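Got a predicted structure here, sequence first:
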Amino acid sequence: MTWNQSFVSVGTHRAPLSRRFTLGCRNSLPAGLIVVLGMLCLLAAGEAAAARLWAGVSKVDITNREAGPVNDPLYVKALVIKNESTTVAIVTVDAVAIAEIGSIRNDYLANVRRRITEQIEMPASHIMINASHCHGVVCEDVEDRTVQAIRQAAEELVPVTVGVGTGREDRIMINRRIKMKDGREIDVRHAYSLPPDDEVAEVGPVDPEIGVLRLDRADGRTLAVVYNFACHPIQGVPSGGNTADMTGFASTVIEENLSEGTVALFVQGCGGDINPIDYKPVDRPRDAEPLGNLLGLSTLRAVRAIQPREDGRLVVLNETISLPRADLAQRIVAMESEQRRLVQSLRGTFLNLKSFLPLAVKYGLSDENPSDYSHRYLHEERMGKDHLRRLDTLNRNNMKQYIRNIHTMEQLTRLNTNLALLRKHQARLVAGGKQTIDVELLGIRIGDFVLITFPGELTVRIGMNIKTKSPHPRTFVAGYTNGYIYYAPTAEQLRNVGGAQEDSDCLLAPPWQAIFEAQAAKMLEML
């Protein structure tokens, strides 16, 4: 018989992750011994689950009140969890990213980790910081306030019970990538206009799952709720003020409807290609609060269905992998050629904006008799004339040419925006001289709650792939964590480089997806 087994530390016990028996014909264990061994393994796992976790939570205001009007506050929130052997900090920040873009400096993560490990017995690799990706502006001393939040949470540890569940919310978001009938893909952005409706074929999926971790104090009061969901929180508010956006409103709903002092921590999921449902309205103000209220209420429904119990399982894995970078030189040349072609296709037009708009209204109101009342057309026909019909033909041709130019210019705006992104990333590749990029992955298990993290803007299909293939029924995926490497679209989406933001604002070459998903699968097996 051979018995291959790997272990992971769970509290004070060593519980088996996997085991493989090969029983030979002549060397098999007695049936009674097999039963005893099985019972011992189950007993060890049961004792680990029954062990105790301690947790502390804190939140600190990080709103930049000098950057203009404030609609609602931004926070850094910290949840510190430990058992007899392991400590982890889950930190969430109402910010666009952990460095690289936005107002958080590039040395923020390293500095926070260094300062915390100098003050608290916790490995730097066990500190997870996730950005909500709201576009609010944080204060200049966000690093100090992050350290403050983690320290406060670590100083207020109490025994907790643990529960995990899922909720559903499908009313507040939409996949922003639009597949065209010619096979191209573009996306919904403020930076450029949408294509004509008759050229659109389909849109992509969304992930309605809300992953929820609930931690209760010994007396049954809820200490903290961690919830994971995939959507860009970039709706904004009618006032235009600084805001934590829809996820900030959702957290407020959760906190105000649970025990006093409960802190809700939003962990951004794979929202790279997911927008708020009503992202480009022109007939009403943009308002994140109704969307956030819906998300908060759906999360509350899931929280209240969870029955926390004692469970001491706490596992943290930290891995660094190298991913291939894209060489965009050839694609840039092709897009520059397309740019020239589009410019050269523009033609002079009889109309300008002032003359086009009244015609568009008239010809939209009446297809048969746009230039005058119907009786004038009938009178001309009786007189054997066709002056109005000829005018309509001329106007329609001129309108078509004007619209053709408009659509070409809209294509150019999309192309110019995405081409600038490709040039930026290609320049960095050439300057850096390195064909790979190192990324940090975290795997965390708290009871039955399992989380895999990534430092880029993962698109939704990647998260759904990982969750579907995971051996754990309660698996969740977080992008925007412990750094920022721009967008991380699927290999399929990267066939569209230069067409949409996700595949243009990207450092990665297509093989990255298989490498990451394979590593995530290994980590999930180890958890």
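Everything's here; your move.

and the end-to-end length of stretch 376-392?
End-to-end distance for stretch 376-392, by CA to CA, to the nearest Å: 13 Å.

same question for it, mean pLDDT?
Averaged across stretch 376-392, the pLDDT comes to 96.

Same question for stretch 109-123.
96.

for it, which positions count as buried?
Neighbour counts using 16 or more other CB atoms under 10 Å place 109, 112-113, 115-116, 120, 122 of stretch 109-123 among the buried residues. C-beta coordinates here come from the backbone N, C-alpha and C atoms, glycine included.

Same check on stretch 209-223?
209-217, 222-223.

swap in stretch 144-164?
Neighbour-count burial for stretch 144-164 [16+ other CB under 10 Å]: 145-147, 149-154, 157-158, 160-164.

What of stretch 486-495?
486-490, 493-494.

Residue 392: which of the residues you listed is nearest?
If you rank the buried residues of stretch 486-495 by distance to residue 392 using CB to CB, residue 493 comes first, at 44.4 Å.

And for residue 506, the neighbour number?
Residues lying near residue 506 (other CB atoms under 10 Å) number 27.

residues contacting it?
326, 425, 486-489, 494, 497 (CB atoms under 8 Å, 6 or more residues apart in numbering).

re earlier: let's see which of the buried residues of stretch 144-164 end up in strands.
The members of the buried residues of stretch 144-164 that map onto strands under DSSP state E are 158, 160-164.

picking up where we left off before, inside helices: which ones of the buried residues of stretch 109-123?
Here DSSP state H is the test, and those give 109, 112-113, 115-116 as lying in helices.

Now do the helices in the stretch 301-450 of the chain.
With DSSP state H, counting those that start in this stretch as the criterion, the stretch 301-450 of the chain has helices at 329-345, 353-365, 374-382, 387-432.

Same list (the ones you listed) but as CSV, adding distance to residue 524.
Conversion of the helices of the stretch 301-450 of the chain to CSV gives the following (distance: least, CB to CB, whole Å):
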stretch, distance to residue 524
helix 329-345, 34
helix 353-365, 56
helix 374-382, 70
helix 387-432, 30
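
Pick the most deeply packed of these.
helix 387-432 (a mean of 15; mean count of other CB atoms under 10 Å).

coming back round to it: could the buried residues of stretch 209-223 go into CSV alongside pLDDT?
CSV is the format used below for the buried residues of stretch 209-223 (pLDDT from 0 to 100):
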residue, pLDDT
209, 98
210, 98
211, 98
212, 98
213, 98
214, 98
215, 98
216, 98
217, 97
222, 98
223, 98
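
Can you give me every residue that contacts residue 126?
Here residue 126 is in contact with 86-89, 316, 318 (CB under 8 Å, 6+ apart).

out of these, which are inside strands?
Filtering the contacts of residue 126 for strands - DSSP E - leaves 87-89, 316, 318.

Tabulate those residues in CSV, adding columns for pLDDT, neighbour count and distance to residue 407.
As requested, the ones in strands among the contacts of residue 126 are exported to CSV (pLDDT from 0 to 100; neighbours: other CB atoms under 10 Å; distance: CB to CB, whole Å):
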residue, pLDDT, neighbour count, distance to residue 407
87, 97, 19, 57
88, 98, 23, 52
89, 98, 24, 51
316, 98, 23, 52
318, 98, 18, 49
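
Show me which of those is closest to residue 103.
Taking these together and measuring to residue 103 by CB to CB, the closest member is residue 89, at 22.0 Å.

What residues are bridge-paired with that closest one?
residue 80, residue 127 (DSSP bridges).

Provide a list of residues in contact with it.
Neighbouring residues of residue 89 by CB under 8 Å, 6+ apart: 78-81, 116, 122, 126-128, 150, 153-154.

Show me where the stretch 151-300 of the chain has its strands.
For the stretch 151-300 of the chain, the strands defined by DSSP state E, counting those that start in this stretch occupy 158-168, 173-175, 177-180, 185-187, 200-203, 209-217, 222-229, 263-268, 274-276.

So which of these is nearest residue 94?
strand 263-268 (8.4 Å).

so residue 513 touches residue 495, yeah?
No - with contact defined as CB atoms under 8 Å, residue 513 does not reach residue 495; the gap is 11.9 Å.

Distance check, residue 268 against residue 113.
Residue 268 is 20 Å from residue 113, where distance means CB to CB, to the nearest Å.

and if you look at residue 237?
33 Å.

do the same with residue 526
From residue 526 to residue 113 the distance is 22 Å (CB to CB).

cool, and residue 222?
29 Å.

From the centre of the chain, point out the most distant residue.
residue 383 (67.1 Å; CA atoms, centre = their mean).

From residue 260, how far out is that one?
Residue 383 is 85 Å from residue 260, by CB to CB.

and if you look at residue 520?
For residue 520, the distance to residue 260 equals 38 Å [CB to CB].

ditto for residue 120
Counting by CB to CB, the gap from residue 120 to residue 260 is 26 Å.

what do you get for residue 425?
48 Å.

do residue 286 as well
The value you get for residue 286 to residue 260, if CB to CB is used, is 33 Å.

So for those two, which residue has more residues nearby?
residue 286 (16 against 8).

Touching, that one and residue 238? I think so.
Yes - counting by CB under 8 Å, residue 286 does reach residue 238; the two are 7.0 Å apart.

Which of the three states applies to residue 100?
Here residue 100 is recorded as coil under DSSP: H, G, I helix; E, B strand; the rest coil.

Check it and give its pLDDT.
Per-residue confidence (pLDDT) for residue 100: 93.

which one is it nearest to, not counting chain neighbours?
Nearest non-adjacent residue to residue 100, counting by CB to CB, 6 or more residues apart in numbering: residue 484, 4.2 Å away.

same check, this time on residue 187
residue 500 (4.1 Å).

what about the one you found, distance to residue 326?
From residue 500 to residue 326 the distance is 15 Å (CB to CB).

cool, residue 119 as well?
Plainly put, residue 119 is 40 Å away from residue 326 if you go by CB to CB.

Residue 364 too?
Residue 364 is 44 Å from residue 326, by CB to CB.

now swap in residue 526 and tell me
In terms of CB to CB, residue 526 sits 30 Å off from residue 326.

got it, and residue 180?
22 Å.

Among those two, which residue is more densely surrounded?
residue 326 (20 against 16).

And that one, what's its pLDDT?
97.

Now for it: which residues touch it?
Here residue 326 is in contact with 425, 429, 494, 497, 506-510 (criterion: CB under 8 Å, 6+ apart).

Redo those as TSV? Include pLDDT and secondary structure.
Shown next, in TSV, are these (pLDDT from 0 to 100; DSSP: H, G, I helix; E, B strand; the rest coil):
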residue	pLDDT	secondary structure
425	96	helix
429	94	helix
494	97	helix
497	95	coil
506	97	strand
507	97	coil
508	97	strand
509	97	coil
510	98	coil
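
Just the closest of these to residue 357, please.
residue 497 (36.6 Å).

now residue 233, nearest residue through space, not along the chain?
residue 245 (3.8 Å).

Identify the spatial nearest neighbour of residue 493, chain neighbours not counted.
Excluding the flanking residues, the one nearest residue 493 by CB to CB, 6+ apart is residue 503, at 5.3 Å.

Help me confirm that the one you found is found in a strand?
No - the assignment for residue 503, made by three-state DSSP, is helix rather than a strand.

does it really touch residue 496, like I thought?
Yes - shown here, residue 503 and residue 496 form a contact pair, counting by CB under 8 Å, at 5.0 Å.

Common neighbours of the two, please.
The contact lists of residue 503 and residue 496 share residue 185, where a contact means CB under 8 Å, 6+ apart.

who has more neighbours, the two?
residue 503 (29 against 20).

who touches that one in this structure?
185, 487, 489, 493-494, 496-497.

Let's see the pLDDT reported for residue 51.
The predicted local confidence for residue 51 is 76.

Also residue 190?
88.

and if you look at residue 17?
For residue 17, the predicted pLDDT is 36.

Also residue 408?
96.

So it sits against residue 346, correct?
Yes - between residue 408 and residue 346 there is a contact at 5.8 Å, judged by CB under 8 Å.
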